[in-house]
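>>> model this:
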Amino acid sequence: MIQLNHTIVMAHDQDRTARFFTEVLGLPEAGRFGPFRTVRPDNDVTLDVLESGGDIAPQHYAFLVGEQEFDAIFDRIVERDIAYWADPHHGEPGVVNTRDGGRGIYFDDPNGHNLEILTREYGSGPDRRG
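Below is the predicted model of the structure:
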């Protein structure tokens, strides 16, 4: 068995970043483990937020969500006036993609990380463009 257990999310302000993840995604309050603020999605992988005083290379974090969760997250994004796009390169602003018969959007966290929520895994439906 091989499973992803955790990944490190670099942040300029770890408390603000952890709060952004938990509030926008509707997750429980972040915990603490050593120097990390730990955000725990439903599949037991943790996002370990670590504060950095230097430059941060933007990363991509994608979250597979149910239809109801998508609606709730999307509502929070709109309520907070967070820009979103249909594509990872931010070329289609304000559009929800419908790849593979699902829905998906991309948006940035406070550090410039490219976050994605999607309701269908890419390659799982009739549209196989990925």
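>>> rest of the way, CA atoms for contacts and neighbours
Fine.
>>> State the number of residues packed around residue 3.
7 (other C-alpha atoms under 10 Å).
>>> Same check on residue 35?
11.
>>> residues contacting it?
Applying C-alpha atoms under 8 Å, 6 or more residues apart in numbering to residue 35 gives the contacts residue 50.
>>> if we go to 10 Å?
14, 48-51 (C-alpha atoms under 10 Å, 6 or more residues apart in numbering).
>>> mind checking pLDDT for it?
Turning to residue 35, the model gives it a pLDDT of 97.
>>> before we move on, the earlier item: among the contacts of residue 35, who's most crowded?
residue 49 leads the contacts of residue 35 on contacts (other C-alpha under 10 Å) with 27 neighbours.
>>> Give me the packing partners of the stretch of helix or strand it belongs to, helices and strands only.
Using DSSP states H and E, residue 49 sits within strand 46-51. If you count contacts as 3 or more C-alpha pairs under 10 Å, 6 or more residues apart in numbering; DSSP states H and E, strand 46-51 packs onto strand 6-11, helix 14-25, strand 31-33, strand 36-39.
>>> Relative to it, what are the paired strands and their orientations?
Paired strands of strand 46-51, with direction, are strand 6-11 (parallel), strand 36-39 (antiparallel) (DSSP bridges).
>>> circling back: single out the most deeply packed of the helices and strands packed on strand 46-51.
strand 36-39 (a mean of 23; mean count of other C-alpha atoms under 10 Å).
>>> hang on, the earlier thing: so which of the strands paired with strand 46-51 gets nearest residue 93?
Proximity to residue 93 (C-alpha to C-alpha) singles out strand 6-11 among the strands paired with strand 46-51, at 24.6 Å.
>>> low-confidence ranges in this protein?
126-130 (pLDDT under 70).
>>> and the most centrally placed residue in it, what does it touch?
Centroid-nearest residue in the chain, with C-alpha atoms, centre = their mean: residue 115, separated by 3.7 Å. By C-alpha under 10 Å, 6+ apart, residue 115 lies in contact with 21, 58-63, 84, 88, 105-109.
>>> Would you mind writing the CA trace of the strand or helix carrying it as PDB?
Per DSSP H and E, residue 115 falls inside strand 114-118. The C-alpha trace of strand 114-118 is given here as PDB (Å, rounded to 0.1, in the frame of the first residue of the first chain):
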ATOM      1  CA  ASN A 114      -3.100  27.700  -7.200                       C
ATOM      2  CA  LEU A 115      -6.000  25.800  -5.600                       C
ATOM      3  CA  GLU A 116      -8.500  23.800  -7.500                       C
ATOM      4  CA  ILE A 117     -11.800  22.200  -6.600                       C
ATOM      5  CA  LEU A 118     -13.300  19.700  -8.900                       C
END
